[in-house]
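>>> Give me the fold of what follows.
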Amino acid sequence: MSTQAVFAAALLDPQQACPEGFFSANGADPASRFAVYRNNVQSSLINALAHSYPVVMQLVGDEFFRAMAGIYLLSNAPQSPLINDYGNHFAQFINGFDPASSVPYLADVARLERLRTTAYHAADAQPLSHEQIGAALADPQTLSELTVELHPSLNLLTSAFAVVSIWAAHQQDATLAGIDLHHGQHALILRNGLDVEVFVIEPGASAFIHNLQSGQPLIQAAETAPAFDLSQTLALLIGHNAITHLHHNKVSP
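I've put the predicted structure just below:
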């Protein structure tokens, strides 16, 4: 193992001793200095997770969250110099973390919070005007060839739990009273201007939007999705500036 790898492993694991070969210019104990540095690094990473997953932390409490995050650090060293990128795999970790199994929806809430962070930092794209979209949709001759390009920030999440309702409750009074936690929801996450927005959508609408993202023409994307309200879904996408390009692709005979 390289010196850098040894240093990184010891930096994230408080059970490991200070790597050999370190010395302090002022004669201070290297192990003590390293322990202080390690504590600062670990605290910074745990704080970064707390910032990215505030609802997860509210659901399990500060003490449990920080203990869980500390265990996550042991096998998940930062892979990017950008602190906002840290914690990409936190939801997968939570899913296999036995002490959190009593909160079965916790991993999906983490997935939703990660998608919100991803949406916030996604590339910018200029949405089409409502007039441009309306003109394209009003032409029945080319409607079957029309493909839709959606904003880079847009993502979908399917959960067996009421993940959007759980998340939304913690933006207000943080109570889950009245929420059927096991009522699955489909979420649409996107950035509209500088605001990241989250919506509950129909299963068919989720399938339709996924089809659009896969490059299917609009009509085909609608016809191959389960039953849903197409007009309402298009109005949602248009009203929240999610459509950035429309392309007329000729279908080969």
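>>> contacts and neighbour counts: CA atoms only from here.
OK.
>>> buried stuff in stretch 94-107?
For stretch 94-107, the neighbour count (16 or more other CA atoms under 10 Å) marks I94, N95, A100, Y105, L106, A107 as buried.
>>> Got phi/psi on the second one?
Which is N95. phi -60, psi -30 (degrees, to the nearest 10).
>>> Start from the N-terminal end of the stretch 1-150 of the chain and give the helices.
Taking DSSP state H, counting those that start in this stretch, the helices of the stretch 1-150 of the chain run over residues 3-12, 30-52, 54-60, 62-74, 90-95, 106-120, 130-137.
>>> Just tell me which of these ends up closest to V198.
helix 106-120 (8.1 Å; CA to CA).
>>> Go through the helices of the stretch 1-150 of the chain and pick out the most buried.
By mean neighbour count, with neighbours taken as mean count of other CA atoms under 10 Å, helix 106-120 ranks first of the helices of the stretch 1-150 of the chain at a mean of 23.
>>> From E197, how far off is the residue nearest to the spatial centre of the chain?
The centroid of the chain falls nearest to L115 when counting by CA atoms, centre = their mean (1.7 Å). Counting by CA to CA, to the nearest Å, the gap from L115 to E197 is 11 Å.
>>> next one: stretch 132-147 to chain centre, how far?
Averaging C-alpha positions (CA atoms, centre = their mean, to the nearest Å) puts stretch 132-147 32 Å from its chain's average.
>>> Tell me what T158 is bridged to.
Assessed by DSSP bridges, T158 has beta-bridge partners H186.
>>> thought it was touching H186?
Yes. With contacts defined as CA atoms under 8 Å, T158 counts as touching H186 at a distance of 4.6 Å.
>>> quick one: which of these two has more around it?
Higher neighbour count among T158 and H186: H186, with 22 against 19, using other CA atoms under 10 Å.
>>> show me the contacts for the more buried one.
Taking CA atoms under 8 Å, 6 or more residues apart in numbering, we find H186 in contact with L156, L157, T158, S159, V200, I201, E202, P203, S206.
>>> now swap in G178 and tell me
Counting by CA under 8 Å, 6+ apart, G178 has no contacts.
>>> Does it belong to a helix, a strand or coil?
With DSSP: H, G, I helix; E, B strand; the rest coil as the basis, G178 sits in coil.
>>> Next, find the distance separating the residue lying closest to N241 once chain neighbours are set aside from A69.
Leaving out its chain neighbours, the residue that sits closest to N241 by CA to CA, 6 or more residues apart in numbering is P127, at 5.4 Å. Distance of P127 to A69, computed by CA to CA: 38 Å.
>>> what do you get for Q141?
56 Å.
>>> can you check H51 too?
12 Å.
>>> can you check I189 too?
For I189, the distance to A69 - CA to CA - is 25 Å.
>>> cool, and L157?
23 Å.
>>> hang on, isn't R66 packed against S44?
No. Between R66 and S44 there is no contact under CA under 8 Å: 11.4 Å.
>>> Touching, I166 and L176? I think so.
Yes. At 6.6 Å, I166 counts as touching L176 under the criterion of CA under 8 Å.
>>> Among these two, which residue is more densely surrounded?
Per other CA under 10 Å, whichever of I166 and L176 has more neighbours is I166, with 22 against 15.
>>> Next up, the contacts around that one.
V109, L176, I179, L181.
>>> Equivalent analysis for P203, please.
H186, P226, F228.
>>> How about V109?
Listed by CA under 8 Å, 6+ apart, the contact set of V109 reads V55, V56, V163, V164, I166, W167.
>>> And the residues you listed, which is closest to V148?
Closest to V148, out of all of the contacts of V109 and judged by CA to CA, is V164, at 25.7 Å.
>>> Which secondary structure element is home to the closest one?
Element membership of V164, judged by DSSP states H and E, is helix 163-169.
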